[in-house]
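# Predicted model, plus sequence, below.
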Amino acid sequence: MSNVETKPAEVLCHSEGLPGPDAACADRAPVELISARDVPLGGPRAMLVRRTLPQRQRSLIGAWCFVDHYGPSDVSETGGMDVAPHPHTGLQTVSWLFEGAIAHIDSGGGVGTVLPGEINLMTAGTGICHSEVSLPDTEVLHGVQLRLALPDAVRNELTREFEHFEPQPVALDGGSALVFIGSLLGEESPVRVHSPLVGAELRLDPGALLDLPVDAAFEHGLLVDSGDVTLEGVSVPQATLGYTGIGSELLRIHNRGETPARLILIGGEPFGEEIVMWWNFIGRDSDEIARFREEWQAEGDRFGRVEGYVGHGGPGRNRDGMGRLPAPALPHVRMRARKNPPPVVRTDD
């Protein structure tokens with residue numbers, strides 16, 4: 001799903017002057033722990049998501065700039081997902097489910113169903129809009145929604161695109177992996193990204209200990225969906241993102257529990273550009289964000305139109321009667337872009 005907060009804060013990629021995050025180091029490389037904050041999406045029966053990126057602590061891991069983790073969510077209680085057409089610029093969205101099914105329609109002509117174990121990748125480029133609706137027979141929603149920042153060299157050249165890929169499981173010693181972005185364990189995803197990246201779902205059997213070969217030029221994040229998991233000897237609680245900086249050729253992951261563990265691994269070369277992310281827009285300065293908002297409100301051609309949206313309120317509208325999501329009011333201050341912290345684990349020292 002996308003960011004449907006009515007009062008979203010601008011996201012600044014900070015570099016100095018912030019208090020040190022929680023970090024720990026056992027007998028191996030240090031790990032920075034990034035805790036989630038709960039964000040309600042929707043109306044009175046809002047579905048809560050757990051957001052680990054962006055944070056003031058760290059805004060990006062490689063080009064990964066947004067990590068929402070949700071569920072398992074009982075649709076009979078939350079009402080499920082019904083996100084009316086809404087805009088994006090300067091990014092790619094990655095939809096990955098563990099349970100449930102979501103209908104996707106975008107203004108580039110992309111139509112698809114998000115299913116467990118299959119990646120749907122949407123490229124906004126200069127502008128796109130799309131809708132996301134859980135299917136009527138979905139009882140439980142459970143998964144992650146991720147975003148990738150597009151480099152400045154390509155973000156104004158790319159057109160609207162939609163790709164789908166179903167990765168095959170890769171056997172591990174004590175588990176398996178599904179590689180949906182980039183290369184890992186000899187597998188390579190064909191979906192097109194625009195900076196060096198990796199993304200995979202890992203499943204570990206009870207008691208399994210995995211030494212995972214990774215690219216030393218990448219910084220990595222490991223999101224724990226389930227299991228009693230350590231990364232590099234450091235306990236990573238459920239719904240928390242364990243961060244390692246560049247330089248590691250192996251990541252040691254241990255499921256200490258008596259039940260299977262499910263994890264999402266993300267990583268990439270450090271993204272050296274300064275960005276501003278506000279609501280569903282990524283730009284480079286405050287004026288650009290304001291222009292994107294103005295064009296969306298005016299129903300300009302930049303974003304196009306979604307044809308065929310059927311929400312929980314009927315054809316062309318969501319449960320609140322809206323056919324498209326209005327943009328929130330802009331902050332009363334200029335949004336400033338700042339660099340992300342260096343790609344090394346930070347401590348309180």
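Looks like it came in fine. Numbers count the residues shown, from 1 in each chain.

# Look up the closest residue to the residue nearest the centre of the chain, ignoring the ones flanking it.
Taking Cα atoms, centre = their mean, the centroid of the chain lies closest to Leu146, which sits 1.5 Å from it. Spatially, and ignoring its direct neighbours in sequence, Leu146 is nearest to Val94 (4.0 Å; Cβ to Cβ, 6 or more residues apart in numbering). Using the backbone N, CA and C atoms, a C-beta is placed for each residue, glycine as well.

# Look up the pLDDT of that neighbour for me, please.
At Val94, the pLDDT value in this model is 98.

# before we move on, back to that, how close does the residue nearest to the centre of the chain get to Gly79?
23 Å (Cβ to Cβ, to the nearest Å).

# Who are the packing partners of the lengthiest helix in the chain?
In the chain, taking DSSP state H as the definition, the longest helix is helix 286-297. If you count contacts as 3 or more Cβ pairs under 8 Å, 6 or more residues apart in numbering; DSSP states H and E, helix 286-297 packs onto strand 276-278, strand 281-283.

# Show the subsequent helix or strand relative to that helix.
Using DSSP states H and E, the helix or strand that follows helix 286-297 in sequence is strand 310-311.

# Contacts for that following strand next, please.
Residues from elsewhere that reach strand 310-311 (Cβ atoms under 8 Å, 6 or more residues apart in numbering): Asp82, Ala84, Ser131, Val133, Gly316, Arg317, Asn318, Arg319.

# Throw those into a markdown table and include neighbour count and distance to Asn280, thanks.
Shown next, in a markdown table, are those (neighbours: other Cβ atoms under 10 Å; distance: Cβ to Cβ, whole Å):
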| residue | neighbour count | distance to Asn280 |
| --- | --- | --- |
| Asp82 | 25 | 16 |
| Ala84 | 26 | 12 |
| Ser131 | 27 | 13 |
| Val133 | 21 | 17 |
| Gly316 | 18 | 20 |
| Arg317 | 17 | 19 |
| Asn318 | 24 | 16 |
| Arg319 | 17 | 20 |
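
# Tell me which of the residues you listed fall in strands.
Among the contacts of strand 310-311, DSSP state E puts Asp82, Ala84, Ser131, Val133 in strands.

# Could you dump the helices and strands packed on helix 286-297 into TSV and include mean neighbour count?
TSV is the format used below for these (neighbours: other Cβ atoms under 10 Å):
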stretch	mean neighbour count
strand 276-278	24
strand 281-283	23
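
# all helices for the stretch 151-300 of the chain, in order.
Along the stretch 151-300 of the chain, the stretches classed as helices by DSSP state H, counting those that start in this stretch are 152-155, 286-297.
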